[in-house]
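Q: attaching a predicted model along with its sequence, questions to come.
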Amino acid sequence: MGKYLNSRVPYESFKSIAESRYFVDKSSLLRELFPAVGLEERFFCITRPRRFGKSVMANMTAAFFSRAVKAERLFAGLAAADDVNYQKHLNKHNVISIDFSRIPKECTDYAGYIGRIEEGISRDLAEAYPQCSLQEDEAVWDNLSEIFEETGQKFIFVIDEWDAPFHMSFVTNENRKQYLMFLKSLLKGQAYVELAYMTGVLPIKKYSTGSALNMFREYTMLKDPFFEEYFGFTEKEVADLCGRQSVLTMDEIS
C-alpha cells in the first residue's frame, strides 16, 4: 500500500459516506465498468458540475477494485453485489488513485506540482515491486511498463479532478500542454492499463485538442445521459432522504 498505489484513503473516504445516515446507494455504477476491464473501450471520463458526488464515486470505484483493504463487508449489501462479476473484481486489482486537486505545500510552479505526483507513484511502485529494480528518476510510464513486462500485472487508474491544473494560477499555457502530454504518456496505448476512470468539472474537449486524450469515452451532463442516475439525486431519492430526516416533505420543498 502506498500514497497512490493501493492507497487506503479511498476506502476510508467512501466508508465514512456509506455508513452515514444519509447514504444513497449508487454502486450500480460499478456494474457499468465491469464489462470494460481489460478491453479496448476501457477509458471513461465522467464530467459534472461540483457537488454532484464525483469524488464519492471515484472513491467508491477505487475502494472496490483496490487490493488495499478488504471491502466485502462494506459492499455486501449494496446493489453492485448482485452482479455476476462482483466477486471477480472485488479487491482483485492494483489501483493507482490520483486526485489532481491536491497541491504540495508552498507549491508555486508546475514542475513542483507534477513532480510530487510522478515521484510519489514511482516510489510506491519501487516499494511494491523490489524485484523489478525500478528507478525513481525514470518516467512513471517506463516503470509501469517494466513491471508489466516482468510480472504481467496491470493497473486500474482512478483519477479525480482531472482538470484541476487548468484552474491553478501558477500553471501556464505551456504547462497545460505538458500536463496533457503527461496524461497521454501515462494512459494512451499502454498495455498495463486495464481500466481508467476519470472525473472532472469540464469535459476533455474544452481543453484537449487533437488526439491527446481521444481514447476516453466522455460522458457529460448535457450531451450523454448514460451515467446520469449515478450523480446527484433523483426525485425518489430526495423524497427518501426527506423521510429519513422526518422534517421536510417533497411538497414542502417544492
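A: Yes, it's here. Predicted, not measured: the structure shown is a model, and the values here were computed from it.
Q: tell me, how many residues neighbour Ser16?
A: Here the number of neighbours of Ser16 (other Cβ atoms under 10 Å) works out to 11. Yep, even glycine has a C-beta here, placed from its N, CA and C like the rest.
Q: where does it land on pLDDT?
A: Ser16 carries a pLDDT value of 94.
Q: how near is it to Leu74?
A: 11 Å (Cβ to Cβ, to the nearest Å).
Q: for the residue nearest the centre of the chain, what are its contacts?
A: By Cα atoms, centre = their mean, the chain has its centre lying nearest to Val158, at 2.4 Å. Listed by Cβ atoms under 8 Å, 6 or more residues apart in numbering, the contact set of Val158 reads Pro10, Ala58, Thr61, Ala62, Phe65, Val95, Ile96, Ser97, Ile98, Tyr197, Met198.
Q: just confirm it is within a strand.
A: Yes - assessed by DSSP: H, G, I helix; E, B strand; the rest coil, Val158 belongs to a strand.
Q: okay, now the residue nearest to Lys88 when sequence neighbours are not counted: neighbour count?
A: The shortest distance from Lys88 to any residue other than its chain neighbours is 7.7 Å, reached at Phe34 (Cβ to Cβ, 6 or more residues apart in numbering). Residues lying near Phe34 (other Cβ under 10 Å) number 16.
Q: which residues does Phe34 contact?
A: Applying Cβ under 8 Å, 6+ apart, the residues near Phe34 are Asp83, Asn85, Lys88, His89.
Q: one more: Tyr110?
A: With the criterion set at Cβ under 8 Å, 6+ apart, Tyr110 makes contact with Pro165, Phe170, Val171, Thr172, Asn175, Gln178, Tyr179.
Q: and Glu218, helix, strand or coil?
A: Assignment for Glu218 (three-state DSSP): strand.
Q: what bridges to it?
A: For Glu218, the beta-bridge partners are Cys45 (DSSP bridges).
Q: quick check: it vs Leu202, distance?
A: 11 Å.
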